[in-house]
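Chemist: The sequence and its predicted three-dimensional model are supplied below.
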Protein chains: 2
Amino acid sequence: MSALPADLLRTLADALGNGLRTDPGERLTYGYDNSKRQAMPDAVALPTTVEQVVAIVRGCRAHRVPVIARGRGTNTTGASVPVDGGIVVSLERMNRILDIRPGDRCAIVQPGVLNGELQRALAPHGLFWPPDPTSADFSSVGGNLACNAGGPRAVKYGASRDNVLALVAVTGAGEVIRCGSATTKGATGYDLQRLLVGSEGTLALIVEATLRLTPLPQARRAIRALYRDVDAAAAAVARLMAQPVTPSMLEFMDGDAVRLARDVGGADLPHDVGALLMIEADGDAQTLSHAVDALLAAARGDGCLAAEPAADEAARERLWAARKALTPALRSLAPGKINEDVVVPVSRIPDLVAGVQALSRSHALPIVCFGHAGNGNLHVNLMYDPADADQATRAQAAMTDVFVLALSLGGTLSGEHGIGLAKRDFMPQAVDAPTLALMRQLKSVFDPDGILNPGKLLPP
Amino acid sequence: MSALPADLLRTLADALGNGLRTDPGERLTYGYDNSKRQAMPDAVALPTTVEQVVAIVRGCRAHRVPVIARGRGTNTTGASVPVDGGIVVSLERMNRILDIRPGDRCAIVQPGVLNGELQRALAPHGLFWPPDPTSADFSSVGGNLACNAGGPRAVKYGASRDNVLALVAVTGAGEVIRCGSATTKGATGYDLQRLLVGSEGTLALIVEATLRLTPLPQARRAIRALYRDVDAAAAAVARLMAQPVTPSMLEFMDGDAVRLARDVGGADLPHDVGALLMIEADGDAQTLSHAVDALLAAARGDGCLAAEPAADEAARERLWAARKALTPALRSLAPGKINEDVVVPVSRIPDLVAGVQALSRSHALPIVCFGHAGNGNLHVNLMYDPADADQATRAQAAMTDVFVLALSLGGTLSGEHGIGLAKRDFMPQAVDAPTLALMRQLKSVFDPDGILNPGKLLPP
C-alpha cells in the first residue's frame, strides 16, 4: 500500500476523483524515464485543471511530500524519476490546444499536448513551433519546456527557451503565477518564464504555455558533405556559421560514426571519410537554390572530399539514412551506451572530438560523436558492456572526463538534455560556488519546502 | 559635502583612487536620465575592474547605502536616477571589447562599451549585435542589457535578452556570479543571464557580457506602404508576419503621425493617408529582390493606397525621412510629451490605436502613435503643455488609461523602455499579486539588503 498519510490521500482523492492512482502496477509505469532509471512513486495524480494541480501541491506541501511533474518520460537524465517517492503528477490529461493565433504567431497550449500533435495542428496555418527533439511525436510540450529541449532545427530557430512567450505555473508554495505576455517583446519586470524553462520541475509546474511560432518554410534541401578529417569538417562548420545564410540544420558525424553507418547501418558512404556534415537549407521555392549554393560554397574548402545537394525529397531521405542508421548501428559496438550532450563553442569542436578520441584510447572504450554542430552541441556516445563491471567503471570515468573536457573548452554539461540526476553531481564543476548558492536560494523562493522534484538539477 | 559615512568614503577612496567623485558639480551630471528626472547622488564611482565593483557593493552594503548602476543615462523611465541618494556606479571606464570570436558568433565585452562602437568593431568581421535602440551611438551595452533594449531590428533579430549568451555580474550581496556559457544552447541549471537582462540594476551589476552575434546581411531595401486607415495597415502587418519572409523592420505610423511628418516635417507624403508602414527586407544581393516581392505582396491588399520599394540606398533614406521628421514635428503639437512604449499582440494593434484615438478625444489631448508594428510595440506619444496644470493632469490620466487599454488587449506596459520609476506604480495592474510577490522575493535573494537601485521596477 501507499506510504502516504491518510489525510493527504483523502485530500488528493477529493480533488482528483478518478485522477488519483495508488495501485502499485499503475504507479510502476510512472516511475521511469529514458535514463533507464526507475523508482516507485507513492501515488500518481492525473489532473485535468489548474485548480487540481494547486490542490495537489498544497496538499503535498502540508505533508512535505515530493511532487514530481511528468510529461511523457522521454528525458534521458532521470529528471522525472521519483527517487524520494511522493506524487508523480502526470500532465497527460491537460492536453488541449487552447488557441492558435496565426496573426500573433503564437499558440496557447496545456502542458500535456504532444509536440507532434501541436505541429500537425499548426501546419494548416503555415506555422510551426521550432523545438524538434527526436522524441517529438511522443514527448509533451510541457516536458520540452521543463528540459529546454532543442533538436537539429535549433541552429536556426532556437530551442524551447527561445520560443516561449508566457507561462502559467504553480509554484512549490501552491501559488499560481503568470509570467510574460503574448507579445514578442517585453520589458515589464523580471523574466520568470525563461527562468522556468529548463528548470526541470524544480521551481514550478507549468500548467499553460503561450508559445512563439514561426512561419513554415515552403521548401528545404539537404546537402551531404564528406571531409578528410574532423578538423576540416569543423573548419567548414565555422565557415557555414559565419556567412549570412544560416542553415536550418547542421549535423556532424565523426569518422567512427560514418564507418558504423556504412558498415553496420548499410548507408551508402565511401571509405576514408574522417567526418561528415548533413546540412540543410530551408526557405521559399524561388530562393532555396541560392541558399543551397551559399551553403555549398561554405561547406567546400580544404579537406572537403565531396559535397552534394539532394535533388529532391526522396534523395534527401537517402542522405539522412546515414544519420538514421547510426543509432541502431551503435549497438554493434557494445550493448550499453552513455549518451551525453555536452556543448562547446563551435570553434572548439575539433578540440572536443580530438579530446574524446584520446579518452576513447586511454579508457579503452569506443566513443562515437555526432550531433548538432551548428550549436557546438555534440552527442558523445560512450559504448560499454554493463555486464562487465570493469567496463562499466571505465565508462563512468570516461564520462566524467568528457564533462571536464567540455568545461575546459569553455562549454557546459548539457545543450538540450538537461541535468536531472545524471549530471547533478557535476554541477559544482560547471557552475561556480556563489552562482550555485544563488540557484539554491532561488529554488527556495519558488519552493520553500523543497517538495518539487527533490534531488534533481542541484547537487544535495 | 557628501552625506556618506566617513568610513565608507575611505573604503571607496581606497578601492577607487581617482575613480571616486564627490564634488557636487560632478555628481550632478550623473543624477539624471532621459526621463528628465534628476536627483543628487552622494558620490559617483568610476570603477575600472570587477574587484572595484565588488568593493563598492560590499562597502555600500555594510552601510546600507544605495548603489545605482549607470550606463550612459539614455533610458526614459528614471531607472538610473538616484532618488534615494547613494552611489552612482558609472561603468563608462569598463569599456573594452575583450574578445570577438567570429567562428563562435560571439563577442565578450565590458558593460561600458557603446552599442555603436561595438557595431563598428564587428562590421569588419561581417557580424552585428542585433539590439538597435535609437540611442545606439551613445548608449552602452550594459545599459541596453539592463533595460532589455530593442529597436526596429528586433522584429527579425530579437531584443537584448534574445542576444546574450553569458554574463558576469556582482549581486547586491557583493558576490560575483557567472551565468551561462559562450554557447548558443545550454541546459545546465537555471538561466540567470536572461533573468538579469531587463532587471534594471535591481538584482546585480553586469560587469561582463558574452553577446550572441548575427552575420551582417549584405543588402537591404525599404518599402513604403500607405493605407486608407489603421485597420487596413494592421491587417497588412498580420499578413506580413504570417508569411515566411520576416521583415528586418516593420514600422508603423498612424494618420496623425503621417500628417505631422508631411505638414510640419516636410516629408513627401500624399494627403488622405490613414496609416503608413515602413517595411524593410535584408539578405544577400541575389535573393533580396525576391524578399522584397514577398513583402510587397503581403503589404498590398484591401485598403492599401500605394506600396513602393526604394530603388537604392538614397531612395531608402528618402523614405525613412518621413519617420525621422516625425519626432521633431511632434513638438509643433505641444511642448511636453509622454512617450510610452506599450506592447500588444500584433492582431490587437487596430484596437490599441482606436482606443488611443478615443482617449485623445476624451482627454482633449493630441496622441500620436508610431513604432515597431511587427512586435506590436507602439510608441504612444501624449502631447501636452507641462506649464498648464490642467493639461498635465489630463496627460497623466490619459497615460494611465493607455496602460489599462494595453493590458486589456493582452499586452503589457513596456516593450523595450522598461519600468524604472515611470511605470513602477502600474506593475500591480500588469503582474498579478502572487507573481509580483515572487519577484520581490527574487530581488531579496540577489540583493538581501535592498541596496541595488531601490525604488525602481517594483512598487514600494
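Modeler: Perfect, thanks for sending it.
Chemist: And stretch A:199-210, how far out from the chain middle?
Modeler: Chain-centre distance of stretch A:199-210: 15 Å, with C-alpha atoms, centre = their mean, to the nearest Å.
Chemist: buried residues in it?
Modeler: Using 16 or more other C-beta atoms under 10 Å in any protein chain shown as the test for burial, stretch A:199-210 gives A:199-210. Backbone N, C-alpha and C define where each C-beta goes, glycine included.
Chemist: Out of these, which is nearest to B:R61?
Modeler: Closest approach between the buried residues of stretch A:199-210 and B:R61, by C-beta to C-beta: A:L203, at 26.8 Å.
Chemist: For the nearest residue to that closest one once chain neighbours are set aside, give me its contacts.
Modeler: Of all residues not flanking A:L203 in the chain, A:F446 sits nearest, at 3.9 Å (C-beta to C-beta, 6 or more residues apart in numbering or on different chains). If you count contacts by C-beta atoms under 8 Å, 6 or more residues apart in numbering or on different chains, A:F446 has them with A:171-173, A:202-204, A:452, B:438.
Chemist: Just flag the most distant two among the buried residues of stretch A:199-210.
Modeler: Longest span within those, C-beta to C-beta: A:T202 and A:T210, 21.8 Å.
Chemist: which secondary structure element contains A:T393?
Modeler: A:T393 belongs to helix A:389-408 when assigned by DSSP states H and E.
Chemist: could you say what helices and strands that helix packs with?
Modeler: strand A:336-340, helix A:349-362, strand A:377-384, helix A:427-430 (3 or more C-beta pairs under 8 Å, 6 or more residues apart in numbering or on different chains; DSSP states H and E).
Chemist: Write out the residues of the stretch 51-200 of chain A neighbouring chain B.
Modeler: Selection of the stretch 51-200 of chain A residues close to chain B by C-beta under 8 Å from any C-beta of the partner chain yields A:101-106, A:125-127, A:147-148, A:150, A:154-155, A:159, A:161-162, A:171, A:175-179, A:181-192, A:194-195, A:197-199.
Chemist: how would you label A:E308: helix, strand or coil?
Modeler: What DSSP: H, G, I helix; E, B strand; the rest coil gives for A:E308 is strand.
Chemist: Is it bridged to anything, and to what?
Modeler: A:E308 forms beta bridges with A:R224, as assigned by DSSP bridges.
Chemist: quick one, the host helix or strand of A:L296 and helix B:285-299 angle?
Modeler: Assigning secondary structure by DSSP H and E places A:L296 in helix A:285-299. Between helix A:285-299 and helix B:285-299, the angle comes out at 150 degrees (axes from the mean of the first three to the mean of the last three C-alpha atoms, to 10 degrees).
Chemist: got the CA coordinates for helix A:285-299 in CSV?
Modeler: Provided in CSV are the C-alpha atoms of helix A:285-299 (Å, rounded to 0.1, in the frame of the first residue of the first chain):
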residue,chain,number,x,y,z
ALA,A,285,11.0,27.8,-53.7
GLN,A,286,12.4,30.8,-55.5
THR,A,287,15.4,31.4,-53.3
LEU,A,288,16.2,27.9,-51.9
SER,A,289,18.7,27.1,-54.7
HIS,A,290,20.6,30.3,-53.9
ALA,A,291,20.7,29.3,-50.2
VAL,A,292,21.9,25.8,-51.2
ASP,A,293,24.6,27.4,-53.3
ALA,A,294,25.8,29.6,-50.4
LEU,A,295,25.9,26.7,-48.1
LEU,A,296,27.7,24.5,-50.6
ALA,A,297,30.3,27.3,-51.1
ALA,A,298,30.9,27.4,-47.4
ALA,A,299,30.9,23.7,-47.0
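Chemist: Tell me the helices and strands packed up against it.
Modeler: Secondary-structure packing of helix A:285-299 (3+ C-beta pairs under 8 Å, 6+ apart): strand A:219-227, helix A:230-242, strand A:275-283, strand A:304-309, helix B:285-299.
Chemist: Could you tell me the angle between the second one and helix A:285-299?
Modeler: In other words, helix A:230-242. Angle of helix A:230-242 versus helix A:285-299, following the same axes, to 10 degrees, is 140 degrees.
Chemist: Helix A:230-242 packs against which elements?
Modeler: Short answer (3+ C-beta pairs under 8 Å, 6+ apart): helix A:230-242 packs on strand A:219-227, strand A:249-254, strand A:275-283, helix A:285-299, helix A:349-362.
Chemist: average model confidence for the third one?
Modeler: The reference is to strand A:275-283. Mean per-residue pLDDT for strand A:275-283: 95.
Chemist: What helices and strands are in contact with it?
Modeler: Packing partners of strand A:275-283 (3+ C-beta pairs under 8 Å, 6+ apart): strand A:219-227, helix A:230-242, strand A:249-254, helix A:255-263, helix A:285-299, helix A:313-330.
Chemist: deepest of the ones you listed, which one?
Modeler: strand A:249-254 (a mean of 25; mean count of other C-beta atoms under 10 Å in any protein chain shown).
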